[in-house]
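1. Just to be clear, the model below is a prediction. Sequence and coordinates:
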Amino acid sequence: MSNEDNFARKIIVINKNIIRVLIAIMTLMLVLGTLHLIYLEFKKITAPPYLLIDVSTLLEVFNLILIIAVGYELIKALLLIISSDTIPTIQIIEISIIAISTKIITLDVKQTNSAVIIGLALLIAALGLAYFLLKYFAKPQNKR
């Protein structure tokens, strides 16, 4: 075994440990975010008028739920990265599409510049094209 192979192997081990720490931190944040969401909803529902939620609160809750869902998808991607020898590009593109879709769903169109909307549309189109090309035309990658 050469020194370069040994060095590369050590770097990979260090990177995988960094990803494990990031997964632990993100999991903690998802748990805390979920508990915070439950607390906020309980507080809103139990305040007068009881069991009524206005539209702005509903949008806030929806934003938080979508952020937690994207965080979960990111954790899944990181777990895929540390469990395989190749980078799972298709799954990462899927997560990117979910994250951009979350942004679009929660976007306030009245207060958003048209350039931002066009940029998001182009980004979704590019990610969709990349997903299509990778899914249907890419050769399966061989693991080491």
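-> Right, received. Where do you want to start?
2. Could I get the full set of helices for the protein?
-> The residue ranges that make up the helices of the chain, judged by DSSP state H, are 3-46, 55-83, 89-105, 114-137.
3. Mean pLDDT added to those helices, as JSON lines?
-> Supplementary listing: these in JSON lines, determined by pLDDT from 0 to 100:
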{"stretch": "helix 3-46", "mean pLDDT": "91"}
{"stretch": "helix 55-83", "mean pLDDT": "85"}
{"stretch": "helix 89-105", "mean pLDDT": "87"}
{"stretch": "helix 114-137", "mean pLDDT": "93"}
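4. Columns mean neighbour count on top of those helices, output as CSV?
-> For the C-beta atoms, the positions are set from N, CA and C on the backbone; glycine is no exception. CSV is the format used below for those (neighbours: other Cβ atoms under 10 Å):
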stretch, mean neighbour count
helix 3-46, 12
helix 55-83, 15
helix 89-105, 16
helix 114-137, 12
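5. Dihedrals phi and psi, Tyr50?
-> The phi and psi values for Tyr50, taken as degrees, to the nearest 10, are phi -70, psi 140.
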